[in-house]
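[1] below are the sequence and a predicted model for it; my questions follow.
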Amino acid sequence: MARTIISVADLSIVFDTPQGQVIAVDRVTFSVAHGEFVCIVGPSGCGKSTVLNTIAGLETPYSGAVIVDGKPMQRPRPDVGMVFQQPHLFPWKSVRKNIAHGPRMLGKSRSEARAIADGLIEMIGLNRFADAYPHTLSGGMQQRVAIARALANQPRVLLMDEPFGALDAQTRSVMQDSLLELRDRIDATVVFVTHDIDEAILLADRVLIMSAGPGRILRDLGVDLPRPRSNAIMLDPAYLALKKDCLDLIRSEGRRAFDQSSAG
Amino acid sequence: MKRLNILVGALSIPLFVVAWEVIARSGIVNAVLFPPPSVVAVAVLEWVRSGQFFLDLGASLYRVVTGFVVGAALGIALGVLTGQFALVSSLLSPLFHILRPIPPIAFVPIVILWFGLSETGKLFLVVWGVFFTVWLSTHIGVQKVDRGLIRAAQMLGTPRRQMLQEIVLLGALPYIVVGLRTAISISFYTLVAAELAGAFAGIVYRIEIAQQNLQTGQVMGGLAALGLMSFVADRLFAAVAERTVWWR
């Protein structure tokens, strides 16, 4: 077993709302080994994005701890990169300058940063658009740039919060395949949040299934499908069996939560 | 249809000038109080030829430009501070919100008490008028900067200083630009008040002197010059703004 790079221990997160305190995440514990690709799946409002934001250092734990590469996460760190659901590209910067932003902020010279950016632009296949501005790109292209921008600081950990959630189905499956390809070429541990079970099984080595109200981990599921993978795997019997497991679990949990809320 | 619109549009001002000339010369109105455009043109020509026009233009431009630049710089700087830091906002925003609704022109009497008829008093009025508009739009702009951009920049290791100078300031720029454009017309309002209160040169000062001498032609010429200045300033700014916030 490779060494642990992310360890989430007994993490709880509580939000103050006008209706009082709400437990968004309830004593969640898991760890991720170096090089692993872990997907967190769950219905909206189950706290999966909150868990991810805490690993990113954007959110502070109410109790428990998040340790990345031996150090507790207290604020964003350049060794932990993040791709959001929206690309959030700097609209006043070209594709190249967006990607070069991180290296520049870490003190790399203009030419070093440019070289890093150009390498990544090549990797995401947007050579023709290096000097284009974000508003001229399609949603899928913008998200590619966002991924490249997050990779420019060579993070140990790449966090992805439903990065393909806002894309149309066709673009999404293209993006999934290129992420699978990309992943073989980078040396980063990935934690990927999605509500799409197909996406999770396709991409992940492990799937963490979360339930809502309060957010807890229901099941930690290994995905032993052969790599390299692509969207074609979705017809494989082993894939379908895994998917059935997940769906059954989520359905029974959904029924329980529903009964509970209608009884309460 | 479209061609007709363009044709009529091109005729709008010439038709107005011709109508004015005809009415003023017809004897229906008092030509001393309502001189025809030809008389106005002669007055303006005389004004320019005497060299006085350029002194007046220079004096007014100096007040408007200096006041605008100083007021805008203060407004942007304080707007970024109050927009970004809650403590600074708690300290200053209530004060600014009390002072802001007082029409700047109402400060003319006290400015005369404080500064007399000096240039400082005139600059003060323009700066005062410009400041609050730019401050408010910057403050709002900074608060409306896309949180997603801030988070993305944080994740990329952007230090605090760069965050403020680059992400926050550029993120707020579309709002700031709108504030600056409004402030241009405000700077002309306050210029008028400042020069009417008493000056030794300036376009509005000249209008007032001409009025006292019953030189109605020159009064109208002065109005036209003031309108042209304000118009050119607005168009220039619009052109600059389009290049500054080109990503929109």
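    The structure has been received and is ready for your questions. Just so you know, these numbers come straight off a predicted model, no measurement behind them. Numbers count the residues shown, from 1 in each chain, chains lettered A, B, ... in the order given.
[2] right, and B:Gly202 touches B:Ser60 too?
    Yes: taking contacts as CB atoms under 8 Å, B:Gly202 lies within contact range of B:Ser60: 4.6 Å. C-betas here are computed from N, CA, C, even on glycine.
[3] next, show the common contact partners of these two.
    Applying CB atoms under 8 Å, 6 or more residues apart in numbering or on different chains, one finds that B:Gly202 and B:Ser60 are jointly contacted by B:Leu191, B:Glu195.
[4] do the strand or helix carrying B:Phe237 and chain A come into contact?
    Secondary structure assigned from DSSP states H and E places B:Phe237 in helix B:216-244. No: for helix B:216-244, no contact with chain A is found by CB under 8 Å from any CB of the partner chain; the gap never falls below 9.6 Å.
[5] which other helices and strands does that helix contact?
    Taking 3 or more CB pairs under 8 Å, 6 or more residues apart in numbering or on different chains; DSSP states H and E as the contact definition, the neighbouring helices and strands of helix B:216-244 are helix B:37-49, helix B:52-84, helix B:169-196, helix B:203-212.
[6] if you set the cut-off to 6 Å instead, what comes out?
    Judged by 3 or more CB pairs under 6 Å, 6 or more residues apart in numbering or on different chains; DSSP states H and E, the packing partners of helix B:216-244 are helix B:37-49, helix B:169-196, helix B:203-212.
[7] what distance separates it from the centre of its chain?
    Computed by CA atoms, centre = their mean, to the nearest Å, the separation of helix B:216-244 from the middle of its chain amounts to 9 Å.
[8] what pLDDT, on average, does that helix get?
    Helix B:216-244 comes out with an average pLDDT of 93.
[9] okay, buried residues for that helix please.
    By neighbour count on 16 or more other CB atoms under 10 Å in any protein chain shown, the buried set for helix B:216-244 is B:216-222, B:225-226, B:229-230, B:233, B:237, B:241, B:244.
[10] so which bits of stretch B:86-103 are buried?
    Buried positions in stretch B:86-103, judged by neighbour count with 16+ other CB under 10 Å: B:Ser89, B:Leu92, B:Ser93, B:Phe96.
[11] likewise stretch A:224-231?
    If you call a residue buried by 16+ other CB under 10 Å, then stretch A:224-231 has these buried ones: A:Arg229.
[12] check stretch B:46-55 too.
    Along stretch B:46-55, the positions that meet the burial threshold by neighbour count (16+ other CB under 10 Å) are B:Trp47, B:Phe53.
[13] contacts for it?
    Residues external to stretch B:46-55 that are found in contact with it (CB atoms under 6 Å, 6 or more residues apart in numbering or on different chains): B:Ala201.
[14] run the chain-centre distance for that stretch.
    Per CA atoms, centre = their mean, the centroid offset for stretch B:46-55 relative to its chain is 23 Å.
[15] gap between B:Phe34 and chain A?
    Here B:Phe34 is placed at a distance of 52 Å from chain A (CB to the nearest CB, to the nearest Å).
[16] ramachandran coordinates for that residue?
    Geometry field for B:Phe34 lists phi and psi as phi -130, psi 70, criterion degrees, to the nearest 10.
[17] from B:Glu119, how far off is the residue lying closest to it once chain neighbours are set aside?
    Leaving aside its sequence neighbours, B:Phe34 sits nearest to B:Ala24 (CB to CB, 6 or more residues apart in numbering or on different chains; 5.5 Å). Separation of B:Ala24 from B:Glu119 (CB to CB, to the nearest Å) stands at 38 Å.
[18] which of those two has more residues huddled nearby?
    Set side by side, B:Ala24 and B:Glu119 show unequal neighbour counts under other CB atoms under 10 Å in any protein chain shown, the larger going to B:Ala24 at 20 against 15.
[19] which of the residues in whichever helix or strand that one is part of are buried?
    Counting by DSSP H and E, the element that carries B:Ala24 is helix B:2-26. Of the residues in helix B:2-26, those buried by neighbour count under the rule 16+ other CB under 10 Å are B:Trp20, B:Glu21, B:Ala24.
[20] repeat for stretch A:30-43
    Using 16+ other CB under 10 Å as the burial criterion, the residues of stretch A:30-43 that qualify are A:Phe30, A:Val32, A:His34, A:Glu36, A:Phe37, A:Val38, A:Cys39, A:Ile40, A:Val41, A:Gly42, A:Pro43.
[21] related to what we said a few turns ago, now render the helices and strands packed on helix B:216-244 as TSV, adding mean pLDDT.
    Output for the helices and strands packed on helix B:216-244, formatted as TSV (pLDDT from 0 to 100):
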stretch	mean pLDDT
helix B:37-49	93
helix B:169-196	95
helix B:203-212	94
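[22] related to what we said a few turns ago, among the buried residues of stretch B:86-103, find me the one that's closest to chain A.
    Within the set of the buried residues of stretch B:86-103, B:Ser89 lies nearest chain A; the separation is 21.4 Å, counting by CB to the nearest CB.
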